[in-house]
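# Quick one: sequence and predicted model below, then my questions.
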Protein chains: 2
Amino acid sequence: MQKIRPGTLAALLLGSILTPSPLLAASSIDAIRAAALTDTVAMDFTEGLTTEVGPRPAGTPQEARARDWTVAKLKSLGFSNVRAEPYTMPVWLRGHDEARVIAPFPQNLVLAALGNSASTPDKGIEGEVAYFPTLADLEAAPEGSLKGRIAFVSHAMHATQDGSSYGYFGATRRQGPSIASKKGAIAILIRSIGTDNHRQPHTGVQMWADGVKPIPAAALSVPDAEQLARMVSRGHPVRLHLTLTSKMLKDQPSGNVIAEIPGSDPKAGVVVAACHLDSWDQGTGAIDDGAGCGIVAAAALQAAKAAPLRRTIRLLMAGAEEVGGNGGRAYFDAHGKEAHAMAMESDFGADRVWRVDFRLPQGHDALARRVAAGLAPLGIGASRLPAGGGSDIEPLVKAGVPVVDLQQDGTRYFDIHHTPDDTLDKIDPAQLRQNVAAWAVALFEIANAPESLGVN
Amino acid sequence: MQKIRPGTLAALLLGSILTPSPLLAASSIDAIRAAALTDTVAMDFTEGLTTEVGPRPAGTPQEARARDWTVAKLKSLGFSNVRAEPYTMPVWLRGHDEARVIAPFPQNLVLAALGNSASTPDKGIEGEVAYFPTLADLEAAPEGSLKGRIAFVSHAMHATQDGSSYGYFGATRRQGPSIASKKGAIAILIRSIGTDNHRQPHTGVQMWADGVKPIPAAALSVPDAEQLARMVSRGHPVRLHLTLTSKMLKDQPSGNVIAEIPGSDPKAGVVVAACHLDSWDQGTGAIDDGAGCGIVAAAALQAAKAAPLRRTIRLLMAGAEEVGGNGGRAYFDAHGKEAHAMAMESDFGADRVWRVDFRLPQGHDALARRVAAGLAPLGIGASRLPAGGGSDIEPLVKAGVPVVDLQQDGTRYFDIHHTPDDTLDKIDPAQLRQNVAAWAVALFEIANAPESLGVN
């Protein structure tokens, strides 16, 4: 394994010249790319976290173990100022998920409760299915028309390279439960927000709209949603028995893990490289987001190996991203007043980076061109779309911190997103290394940029 | 839907000439192929059985519903002499399957008990893992060396087009449990006999060797087997908690479904076209073997539409194939003394037929050439390997009945075989129709062959 022993990194930094320049940066980019394409740290990190910790639901003892594991790992890799930064949060915990068609075609269905689902009694509930092909059909149902019934919305998601279909189709998960409750439904089932055809339900968080009574809410696997739609299409009433137990806990411990590679110029602002440590409970969180944490850690090391850095690179391995971004908010509460030169996040699996988006202060076009030039040999094109960041850095981005997005290929991301199938074998090592190379190039250019990046 | 109303088929047969000839057959083959390639009966049958019945474990009320459904369906399609033929059998029933790593890396593992697994107590059992990369390694373990331990055999299956790797790798499931028990293990886990990387465990039957004490036995999904192997590779003892409850019932009702298209020459012997109605309990039995039953039913109808048949085509939709071939044996007990001209079976999914194998009486080379010539335009080559049939016709084949195998492409069959993922969406409609065309051509040539096929 290509591990840096504690102390080695500092020695390497002290042994180099202390004032970086654009010329040095330019000459180092080829070497950074070449070295990063043989990186082993990202896979080692991802393998270790997913194997030795496994599932890491926010606010649980497993997430706490992930923080301990990560603090030890980042220290062993030579990072500085490694620590967990705790906060507390409410936690929804899955119990037992089970669904059974009672009539007309008795059989079990595979499903998973959505985050913040209400719990059924242990003995479950029964009701007749009210079928809606799309979320718009559910919205169009008259008030009260679902009284005593189980809403079923079967909106089939389609894959897109940029993942943009998640925004559109994901509305069924985010808004469907509240809409169904308002109309009197006793529960709601949705077709998984996913692009696969395996019996792996895609869970995910949903928040109840103000004043809405929580009801049991779950996602059927795609084959099960299609099966239920076929049953409905026969024209006879379909009755289900649902058991979806869960519980809510208050004030549970969660936290972020922070680690740094110190830069030579404290006044130049920090470069935040973010990911999240928590995962959904069904898988081991390999693509979401173990790999993202592996990528940012490995890339920071690859960047620092090439030459000393002007700006500090700060890893933010956030807690509780999946359930609402608690870690990102806690980070901003603690650090939002510090000077931030840049925020970046890796949270879209481990498939290759194909595009780079920027949101830089005016007058920083030359920096964007240097970053794009360094990424081009990796098959990455620059876009004219503004970068937007992700949940863990959202408060920073909202506060105006510059952001660069290394957009990953999401064509197959929603095949396994939030399912039991999010496991290590889904990571393509070659594409993971391409991510490390892209991040190393970008972090190096940004950390060493002579431009102000809005920081005085 | 391309359904033939009751009575239509008989009218069609009576309206045609009654003495088929090879010349008529030859001229009809192009028409049969063309019509069968637009068949809708096979998909309609498969869709109906998997949706309206779903899982059909041998000897259960679901299998009984499958018989009722199938009898009604085949009557509606115009078959003659449609009936269920009951028998009784012992039944193993899955209870609750759960596995948890206790130490060193607490997390759940996904697994499914194998058929005839012993039951753990409801509260489960605990033990330390004894890891064996292959079945040969387990066999090499000293007697008694597994006392109190949970054997884990992680033999990775590889896909082959002809499915032959199932024989080799499947030995871990068939023999592993008895070997582990003999050496003192308290339970055995195997890596699923499968070629996918989804968290879908592949169940399947295993029989205890004489005198061996049954122990709990289960298959881990492939990602879970790899996860457990990674844990073991860390070098620390791995302790598991296993709950695998199940029960055995005596003398439960099962049965075959029989249906015929009568031929004009009762002395020429029947042509058996077999499949099985039962399925494993986790999926809905689409590729195993709903599609096989859809194929043989549709193909028999397509063959009979072209011209009257000399020989009776008899569908054998067997019960209880998955757990040991009880249906095939019951058929032979009831009908073995009748004249059988041919036995064929479709039980390898719904992907395209790519090869035809023969086992015909001496002097029947011309028939083989005619069948092969009719199949060639479908992309099917004739082999020199002898046909062997399958479980449902095994007693007939052992008794010397001629057999032709339409070999299907098995490259992806073991991705979903015996898993929850065996659902309708896995059927490729175009390849299913190619199967119907191949079967229709073969059944037509064989049913109308002037050769004796060993029947006096």
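Thanks, I have it. Numbering: from 1, shown residues only, chains lettered A, B, ... in the order given.

# in which helix or strand would I find the residue in the stretch 251-400 of chain A that chain B sits nearest to?
Closest approach between the stretch 251-400 of chain A and chain B, counting by C-beta to the nearest C-beta: residue A:284, at 7.2 Å. All C-beta atoms are positioned from the backbone trio N, CA, C, and that covers glycine. Using DSSP states H and E, residue A:284 maps to neither a helix nor a strand.

# what's the closest non-adjacent residue to the closest residue to chain B within the stretch 201-350 of chain A?
The nearest approach of the stretch 201-350 of chain A to chain B comes at residue A:223, 4.1 Å away (C-beta to the nearest C-beta). Nearest non-adjacent residue to residue A:223, counting by C-beta to C-beta, 6 or more residues apart in numbering or on different chains: residue B:423, 4.1 Å away.

# Enumerate every residue touching that neighbour.
Residues counted as contacts of residue B:423 (C-beta atoms under 8 Å, 6 or more residues apart in numbering or on different chains) are A:197, A:199, A:223, A:227, B:50, B:283, B:284, B:286.

# how close does it sit to residue A:198?
From residue B:423 across to residue A:198, the span is 9 Å (C-beta to C-beta, to the nearest Å).

# Tell me the residues that contact both of these two, please.
Going by C-beta under 8 Å, 6+ apart, residues that sit against residue B:423 and also against residue A:198 are residue A:223.

# For residue A:154, see how far away the residue nearest to residue A:223 is.
Counting by C-beta to C-beta - residue B:423 and residue A:154 are separated by 15 Å.

# in what helix or strand does residue A:167 lie?
Secondary structure assignment for residue A:167, by DSSP H and E: helix A:165-169.

# Oops, could you answer that again for residue A:304 instead?
helix A:291-306.

# Show me which pair in the contacts of residue B:423 is furthest apart.
Using C-beta to C-beta, these span at most 14.0 Å, a distance reached by A:197 and B:50.

# which one of the two has more residues nearby?
Neighbours were counted for residue A:197 and for residue B:50 using other C-beta atoms under 10 Å in any protein chain shown; residue B:50 has more, 29 against 16.

# Could you report the distance from the more buried one to residue B:62?
According to C-beta to C-beta, residue B:50 and residue B:62 sit 12 Å apart.

# for residue A:218, same thing?
Taken as C-beta to C-beta, the span from residue A:218 to residue B:62 is 24 Å.

# In contact with the residue nearest to the residue of the stretch 251-400 of chain A closest to chain B when sequence neighbours are not counted, which residues are there?
Leaving aside its sequence neighbours, residue A:284 sits nearest to residue A:50 (C-beta to C-beta, 6+ apart; 4.2 Å). Residues near residue A:50 by C-beta under 8 Å, 6+ apart: A:284, A:285, A:286, A:290, A:423, A:424, B:227.

# What is the nearest of those residues to residue A:404?
residue A:290 (22.1 Å).

# how many other residues sit next to the residue of the stretch 101-250 of chain A found nearest chain B?
With C-beta to the nearest C-beta, the shortest gap between the stretch 101-250 of chain A and chain B falls at residue A:107, namely 3.4 Å. Residue A:107 has 21 neighbours, counted by other C-beta under 10 Å.

# And residue A:60, by the same measure?
Around residue A:60 there are 19 other residues, counting by other C-beta under 10 Å.

# Could you double-check that it lies in contact with residue A:94?
No: at 10.5 Å, residue A:60 and residue A:94 do not qualify as touching, with contact defined as C-beta atoms under 8 Å.

# the strands in the stretch 51-200 of chain A, which residues?
Secondary structure of the stretch 51-200 of chain A (DSSP state E, counting those that start in this stretch): strands at A:80-103, A:107-109, A:111-113, A:125-132, A:150-153, A:187-191.

# so which of those strands is the most packed in?
Across the strands of the stretch 51-200 of chain A, the average number of neighbours (mean count of other C-beta atoms under 10 Å in any protein chain shown) peaks for strand A:187-191, which reaches a mean of 29.

# That strand vs strand A:125-132, what angle?
50 degrees (axes from the mean of the first three to the mean of the last three C-alpha atoms, to 10 degrees).

# strand partners of strand A:187-191, parallel vs antiparallel please.
strand A:150-153 (parallel), strand A:217-220 (parallel) (DSSP bridges).

# got a list of contacts for it?
When contacts are defined by C-beta under 8 Å, 6+ apart, strand A:187-191 is touched by residues A:99, A:111, A:114, A:120, A:125, A:127, A:129, A:150-157, A:172-173, A:176-177, A:180-181, A:215-220, A:222, A:225-226, A:228, A:240, A:242, A:244.

# Mind doing that once more with 7 Å?
Applying C-beta atoms under 7 Å, 6 or more residues apart in numbering or on different chains, the contact partners of strand A:187-191 are A:111, A:125, A:127, A:150-156, A:172-173, A:176-177, A:180, A:215-220, A:222, A:225, A:242.

# and if you look at stretch A:383-390?
Contacts for stretch A:383-390 (C-beta under 7 Å, 6+ apart): A:343, A:345, A:347, A:355, A:356, A:357, A:358, A:359, A:397, A:403, A:404, A:405.
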